[in-house]
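Asks: 3D model of this:
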Amino acid sequence: MKTKTIEKIKTYEAKGFREKFLGEDNPMHLLFKSNSDHFFCLKTEEMTRLQYPVPPSKHSCHTLIFVSSGAHVMKCGYEEYQTTANEIVMVPAGQVFSIENIQSVHTGFICQFHPDILIGKYGNREMLNDFDFLKISGNPKVTLDLGDVQSVVRILQRLEKEYSETSTANLNIVQSYLIALFYEMNKNSVKTSKSISASEVITNKFKELIHQHIKTQHQVNYYASLLNVTPNHLNKCVKNVTGKSAVKWIDENILLEAKYLLFQTTLSVSEIAIQVGHEDQSYFSRFFKKHTGISPIQYRKLIDKS
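Replies: Predicted coordinates for the structure are as follows:
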């Protein structure tokens, strides 16, 4: 299995930067044994050849990174997270992420799995609501107590063994170990439903709604009506919790979605404008340049030259 993966990686390395990420050439796809598995778990040391800066991107799978030593730095949306020893960062499926600093060295595990694996034979969607870190609005970082580290490591070792030593992963086994891992993480999770404030509840729901509707809805009034609050109250809650206005959150998410589409798809700028809810391409281009200092076409060319 490892020989085939190495050959795939060599083919990947010969391609242009953006081309590597399109379709099944996305580097993470190289590690899936089959399209039906949509799972892998490896020690991060085994992935050194796939270390590169990553512009805003997203994946249909959840990604978990456990750091046992050193440090790992990435952005989830616009928030930057540095993960150090005995910490875990989770990138939920569909979350836009980016990696700018590849100089930091770390050891640990990286595990990627499709959300459907978590439902499978033993799970249900209601149970998954217990895990804040799987939500777009959740806190993606978990710091483990020293007494829980070995339990987490043993689970990840078992998942790595299931991936590396079998021709096809047993997804029932994978699911069981992932759920056990999540409950271990939950013991160390910062936020709980009992300690979260009313403003945080509204803000988290607002973040989830933006993720669902950003391609068509850009007005604070729309989100306020879904949450049964006034636009002023929504803006006050969001500003108190995040330090940014609701409008700023909406604009940043439009921009992130546009950057992802410019990088990870072959859509034209006019098609991308429509995808993010701007029928007028010239308005979209002005919006993009206002926030980045360059046009969408220039942004794509910069990536192509990377």
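Asks: Please make it C-alpha for all contacts and neighbour counts, starting now.
Replies: Fine.
Asks: From the recorded domain assignment, give the ranges for this protein.
Replies: Listed domain ranges for the chain are 2-188, 198-305 (source: automatic domain parsing).
Asks: now those domains in TSV, with mean pLDDT?
Replies: TSV is the format used below for the domains of the chain (pLDDT from 0 to 100):
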stretch	mean pLDDT
domain 2-188	81
domain 198-305	93
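Asks: export the ones you listed to a markdown table and tack on mean neighbour count?
Replies: Formatted as a markdown table, these follow (neighbours: other Cα atoms under 10 Å):
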| stretch | mean neighbour count |
| --- | --- |
| domain 2-188 | 17 |
| domain 198-305 | 17 |
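Asks: what are the ranges of the strands in the stretch 51-200 of the chain?
Replies: For the stretch 51-200 of the chain, strands defined by DSSP state E, counting those that start in this stretch occupy the ranges 54-57, 62-76, 79-84, 87-91, 97-99, 106-113, 141-143.
Asks: Name the SS class of residue 251, please.
Replies: Following DSSP: H, G, I helix; E, B strand; the rest coil, residue 251 is assigned to helix.
Asks: Could you pull up the residues touching the nearest residue to residue 124 once chain neighbours are set aside?
Replies: Leaving aside its sequence neighbours, residue 124 sits nearest to residue 118 (Cα to Cα, 6 or more residues apart in numbering; 7.6 Å). With contacts defined as Cα atoms under 8 Å, 6 or more residues apart in numbering, residue 118 is in contact with 124, 128, 175, 178, 179.
Asks: now do 10 Å
Replies: The neighbours of residue 118, taking Cα atoms under 10 Å, 6 or more residues apart in numbering as the test, are 124, 125, 127, 128, 171, 172, 174, 175, 176, 178, 179.
Asks: and the two most separated of these?
Replies: 127 and 171 (17.9 Å; Cα to Cα).
Asks: Stretch 218-238: end-to-end distance?
Replies: 16 Å (Cα to Cα, to the nearest Å).
Asks: ok, the contacts of residue 118 vs residue 200, which is closest?
Replies: The nearest member of the contacts of residue 118 to residue 200, counting by Cα to Cα, is residue 128 at 19.8 Å.
Asks: Correct me if wrong: that closest one contacts residue 135.
Replies: Yes - Residue 128 is in contact with residue 135 according to Cα atoms under 10 Å; the separation is 9.3 Å.
Asks: Residue 63 versus residue 94, what's the distance?
Replies: Taking Cα to Cα, one finds residue 94 at 10 Å from residue 63.
Asks: My error: substitute residue 74 in the last question.
Replies: 12 Å.
Asks: Mutual contacts of these two, please.
Replies: With Cα under 10 Å, 6+ apart as the test, residue 74 and residue 63 both reach 89, 91.
Asks: how distant is stretch 275-284 from the center of its chain?
Replies: Relative to the mean C-alpha coordinate of its chain, stretch 275-284 is positioned 25 Å out (Cα atoms, centre = their mean, to the nearest Å).
Asks: show me where this protein has helices.
Replies: Ranges of helices in the chain, per DSSP state H, are 2-13, 17-21, 115-119, 125-128, 146-164, 171-188, 198-213, 220-226, 231-242, 246-264, 269-275, 281-292, 296-305.
Asks: Let's have these in TSV, adding distance to residue 43.
Replies: Shown next, in TSV, are those (distance: least, Cα to Cα, whole Å):
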stretch	distance to residue 43
helix 2-13	13
helix 17-21	22
helix 115-119	21
helix 125-128	26
helix 146-164	8
helix 171-188	16
helix 198-213	31
helix 220-226	41
helix 231-242	34
helix 246-264	26
helix 269-275	36
helix 281-292	36
helix 296-305	29
